[in-house]
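Colleague: Just a sequence and a predicted model for now, questions to come.
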Amino acid sequence: MHAAVRVLLLLFVLGFLWTPGSPLAPGALLGQDKVFVCPMDPDVRSNQPGNCRRCGMKLREGIPEPVEFHLDLALTPRAVKPNQTEQLKFSVHDPWKDRPVKDFQLVHEKLFHMFVVGQDLQFFVHDHPVLQPDGDFLFNLAFPKPGMYRVLGDFYPDGATPQLIAKTVFVQGTPPPPPVLPRDYSTKQTENLQVEMTTDPPQPIAAQKTLIYFRLSPADGLEKYIGAWAHMLAASDDLIDMIHTHPFIADGGPQLEFTLDFPRARTYRVWVQFQRKGVVNTAHFDIPVKELE
């Protein structure tokens, strides 16, 4: 009887020791009950504080649930005409009481990344509006042609999660015809780089993972551009889908790998930017995406 009681007591003690969250549990002894997550790449996690191995952002503990903030875009002058300099004013408000947001976290060395793409996919801008004392961001831009432009804001309100919100601008005049994009995987010669691209699978499928490989030459003098080895914007030919992302694998060498889930069966124009010897190189490729058969 005494032996049976001792066994029960031993089992009780062992059960207490191994209960998750118990002060004597192995994970608690090693500090493994804490999880640090990258706000930009939530699949990158660690039991220790530090920086994301993929994008370089600081890992954070206890990231809030994702919720979309409100982004307002005002243009001055309001009547937008081709080749007329416009002041773009971006205002961010919280999603609960629509209060102005004034505090932002750095994302790849900048507080706000702005992408502008024209309806015919010929016009592309990646730049950085400037934060004002009242919390608004300002940028001056002349839209070169009539038609629709999509303006993508990438920013990170303090205490929230990174935001990626698109707005639409219409420029007066006759818009261009819809673009027709044949597959274009051809090697591109940019300012001081040659850029080759391949995909796996060779025929990307909507909503399935696609690996996108880039090979750069010459291989010397490669540098990080705004805190990352490369920046990519993928836009569907109807400008409904716009995705800003960074390499999945990159180490400063001439080969880089992105991973991307194209959301729909469309043709996507992919702009990718690299820096070599202080020069920013921009290349674009056209990737048809099919439905799963």
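Modeller: Ah, there it is.

Colleague: Just grab the bridge partners of the residue lying closest to K224 once chain neighbours are set aside for me.
Modeller: The shortest distance from K224 to any non-neighbouring residue, by Cβ to Cβ, 6 or more residues apart in numbering, is to Q275 (6.8 Å). Yep, even glycine has a C-beta here, placed from its N, CA and C like the rest. Under DSSP bridges, the beta-bridge partners of Q275 are E223, V280.

Colleague: Would you enumerate the residues in contact with Q275?
Modeller: 222-225, 281 (Cβ atoms under 8 Å, 6 or more residues apart in numbering).

Colleague: Drop anything exposed from those.
Modeller: For the contacts of Q275, a neighbour count by 16 or more other Cβ atoms under 10 Å gives the buried set as 222, 225, 281.

Colleague: D94: how many residues sit nearby?
Modeller: 15 (other Cβ atoms under 10 Å).

Colleague: Would you agree it is in contact with P157?
Modeller: Yes: using Cβ atoms under 8 Å, D94 is in contact with P157, at 7.4 Å.

Colleague: what residues do the two have in common as contacts?
Modeller: With Cβ under 8 Å, 6+ apart, D94 and P157 have common neighbours 69, 101.

Colleague: neighbours around G135, how many?
Modeller: 15.

Colleague: Contact partners for I287?
Modeller: Contacts of I287 (Cβ under 8 Å, 6+ apart): 183, 185, 199, 204, 210, 212, 234, 262, 267-270.

Colleague: A79 too?
Modeller: A79 sits next to Q172 when contact means Cβ under 8 Å, 6+ apart.

Colleague: give me phi/psi at it?
Modeller: Dihedral pair for A79: phi -80, psi 100, per degrees, to the nearest 10.

Colleague: so how far is V116 from it?
Modeller: Using Cβ to Cβ, to the nearest Å, one gets 18 Å for the distance from A79 to V116.

Colleague: Equivalent analysis for Q163, please.
Modeller: Counting by Cβ to Cβ - Q163 and V116 are separated by 17 Å.

Colleague: The closest residue to D103 other than its chain neighbours: neighbouring residues, count only.
Modeller: Sequence neighbours aside, D158 is the residue nearest to D103 in space, at 3.9 Å (criterion: Cβ to Cβ, 6+ apart). Look at D158: counted by other Cβ under 10 Å, it has 9 neighbours.

Colleague: Okay, D158 and F69: tell me how far apart.
Modeller: 11 Å.

Colleague: again, but for I212
Modeller: With Cβ to Cβ as the criterion, I212 and F69 are 29 Å apart.

Colleague: who's more crowded, these two?
Modeller: Neighbours per residue (other Cβ under 10 Å) separate I212 from F69, with I212 holding more: 23 against 19.

Colleague: before we move on, back to that, residues shared between the contacts of D158 and F69?
Modeller: Common contact partners of D158 and F69 (Cβ under 8 Å, 6+ apart): V101.

Colleague: so how far is stretch 214-224 off the chain centroid?
Modeller: 21 Å (Cα atoms, centre = their mean, to the nearest Å).

Colleague: which parts of it are buried?
Modeller: 214, 216, 222.

Colleague: For this structure, give me the ranges with low pLDDT.
Modeller: Applying pLDDT under 70 to the chain flags the ranges 1-33, 35-36, 39-43, 45, 47, 53-57, 60-64.

Colleague: quick one, strands of the stretch 101-250 of the chain?
Modeller: With strands called from DSSP state E, counting those that start in this stretch, the stretch 101-250 of the chain shows them at 112-118, 124-127, 130-131, 137-142, 147-155, 163-171, 188-189, 194-200, 209-217, 222-223, 231-236, 242-245.

Colleague: of all the ones you listed, which lies closest to F285?
Modeller: Distance to F285, taken as Cβ to Cβ, is lowest for strand 194-200 among the strands of the stretch 101-250 of the chain, at 5.0 Å.

Colleague: Show me what the closest one is packed up against.
Modeller: Secondary-structure packing of strand 194-200 (3 or more Cβ pairs under 8 Å, 6 or more residues apart in numbering; DSSP states H and E): strand 188-189, strand 209-217, strand 267-276, strand 279-288.
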